[in-house]
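Participant: Pasting the sequence and the predicted model now:
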Amino acid sequence: MKAIQLHGFEGPGSARLVDIDRPKPGANEILIEVKASGINYADALQTYGKYPTFGKEVPFTLGFEAAGIVRELGPGVTNVKIGDPVAAVVSSGGYAEYAIAASAAVIPLPSGLGFAEATALPIQGMSAYTMLKYAAMPVAPSSVLVQAAAGGVGLFLVQLARHFGIGKVIALASSHEKLQLVKTLGADESINYTEADWPDQVRRATDGRGVDIVLQMSTGQVGEESFKLAAQGGRIVIFGAENYHDSINTEQVRQLIWQNQTIAGFAFPALSPIQIAESQPLFLDLVRAGQLRILAEHVFPLADAAVAIEMLLSRKTMGKVVLRP
């Protein structure tokens, strides 16, 4: 079968199209004929050696998620059957014509949802839902600052904020088109973080108080300014691999103490199976009810994986970036 494997850590160019054997499902696993593979920022960072490979050594097949048709069942699988359309976090790598997933990691596709859109569910959609539920823990009425609001996770966060009772959603993005999009999805304020006075715009939007919840994935100046925008008693949730190399400085520690603030980290892979099992049906109910708009307009052939990853890194995309085997 065709697959995209990582052969080094020199960037997207290290991702190469190869022919490898089709994997076989083991106990409690399924084989998926992949119809769409989702690209995540973590995949891009892996090509530079800046994200964990979870024990895999190069060369290995890239990709954490896939959507497609169940073609084979391993021993012990009872929750799906051959022919079912599913999305899943995959163990063998999603950038391929076939992929292996644990049956417990499978999401049955809601009726009418396309495979490209479905790739946004297992990681980005579930990350946003569980981040709000277990890390942000909003108390109504409250306000939230969403960084990278037009990205894969950000678009879900903007839409799910209302579901969790957040009263004011302030979305950060980098272009007029992105700002317009997040407004249509429910953001009360959309602010261009490339403008020098964007922190002042956030303060004006909150009457000088700051935001109750900062959902922070950016580092550098944007990350530092976002940290400062937390309100008295606010909560700062740090997610995204780019934060691994940063440290909390003395000024930020003083801010946390004297403003009675809390800071929390979030990584979807670190959630317990119980937390995921509790959240998945609630999240899927929202998808089935049509309460969440899922964007997957950037679709590339499998062979163009390196180009797709470069496009994601350019921050010119909105929503999900997808490979089609």
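Facilitator: Okay, I see it.
Participant: Please confirm that Gly125 is located within a helix.
Facilitator: Yes - per DSSP: H, G, I helix; E, B strand; the rest coil, Gly125 lies within a helix segment.
Participant: Please tell me how far it sits from Val144.
Facilitator: With distances taken as C-beta to C-beta, to the nearest Å, Gly125 is found 17 Å from Val144. Bear in mind the C-beta positions are built from the backbone N, C-alpha and C, glycine included.
Participant: again, but for Pro12
Facilitator: The gap separating Pro12 from Val144 is 32 Å, by C-beta to C-beta.
Participant: swap in Gly8?
Facilitator: Using C-beta to C-beta, one gets 39 Å for the distance from Gly8 to Val144.
Participant: between the two, which one's more packed in?
Facilitator: Counted by other C-beta atoms under 10 Å, Gly8 and Val144 do not tie: Val144 has more neighbours, with 27 against 14.
Participant: what sits against that one?
Facilitator: Each residue near Val144 by C-beta atoms under 8 Å, 6 or more residues apart in numbering is listed here: 136, 138, 157, 161, 166, 168-170, 211-215.
Participant: Mind listing the residues bridging to it?
Facilitator: In this entry, Val144 is beta-bridged to Val169, Ile213, by DSSP bridges.
Participant: and it, how far is that from Glu189?
Facilitator: Counting by C-beta to C-beta, the gap from Val144 to Glu189 is 11 Å.
Participant: same question for stretch 239-257, mean pLDDT?
Facilitator: Predicted confidence along stretch 239-257 averages 76 (mean pLDDT).
Participant: quick one, helices of this protein?
Facilitator: For the chain, helices defined by DSSP state H occupy the ranges 41-46, 115-118, 126-130, 152-163, 176-184, 198-205, 220-228, 250-258, 273-288, 305-313.
Participant: To Val322, which of those lies closest?
Facilitator: The closest of those to Val322 is helix 115-118. By C-beta to C-beta, the value is 4.6 Å.
Participant: Just the buried residues of the closest one, please?
Facilitator: Neighbour-count burial for helix 115-118 flags 115-118 (criterion: 16 or more other C-beta atoms under 10 Å).
Participant: Which of these sits closest to Glu97?
Facilitator: Using C-beta to C-beta, Phe115 is the member of the buried residues of helix 115-118 that sits closest to Glu97, with 13.3 Å.
Participant: Show me which of the contacts of Val144 are buried.
Facilitator: 136, 138, 157, 161, 166, 168-170, 211-215.
Participant: possible to save those as TSV with distance to Gly240 and pLDDT?
Facilitator: Shown next, in TSV, are the buried ones among the contacts of Val144 (distance: C-beta to C-beta, whole Å; pLDDT from 0 to 100):
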residue	distance to Gly240	pLDDT
Ala136	14	96
Pro138	19	94
Leu157	12	98
Ala161	18	96
Ile166	20	95
Lys168	23	97
Val169	19	98
Ile170	18	98
Val211	18	98
Asp212	20	97
Ile213	16	98
Val214	13	97
Leu215	10	96
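Participant: hmm, back to that, TSV please, covering the helices of the chain and showing distance to Gly68.
Facilitator: Shown next, in TSV, are the helices of the chain (distance: least, C-beta to C-beta, whole Å):
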stretch	distance to Gly68
helix 41-46	18
helix 115-118	6
helix 126-130	18
helix 152-163	19
helix 176-184	28
helix 198-205	41
helix 220-228	36
helix 250-258	44
helix 273-288	18
helix 305-313	17
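Participant: between the ones you listed, which one is nearest to Ala104?
Facilitator: Of the helices of the chain, nearest to Ala104 by C-beta to C-beta is helix 273-288, at 7.1 Å.
Participant: by contact count, what packs against that closest one?
Facilitator: helix 126-130 (3 or more C-beta pairs under 8 Å, 6 or more residues apart in numbering; DSSP states H and E).
Participant: cutoff 10 Å now
Facilitator: The helices and strands touching helix 273-288, judged by 3 or more C-beta pairs under 10 Å, 6 or more residues apart in numbering; DSSP states H and E, are strand 106-108, helix 126-130, helix 152-163.
Participant: In the last one, which of the residues would be classed as buried?
Facilitator: Same thing as helix 152-163. Buried, per 16+ other C-beta under 10 Å, within helix 152-163: 152-161.
Participant: just stretch 299-310 next, same as before
Facilitator: Taking 16+ other C-beta under 10 Å as the neighbour-count basis, stretch 299-310 is seen to contain the buried residues 300, 302, 304-306, 308-310.
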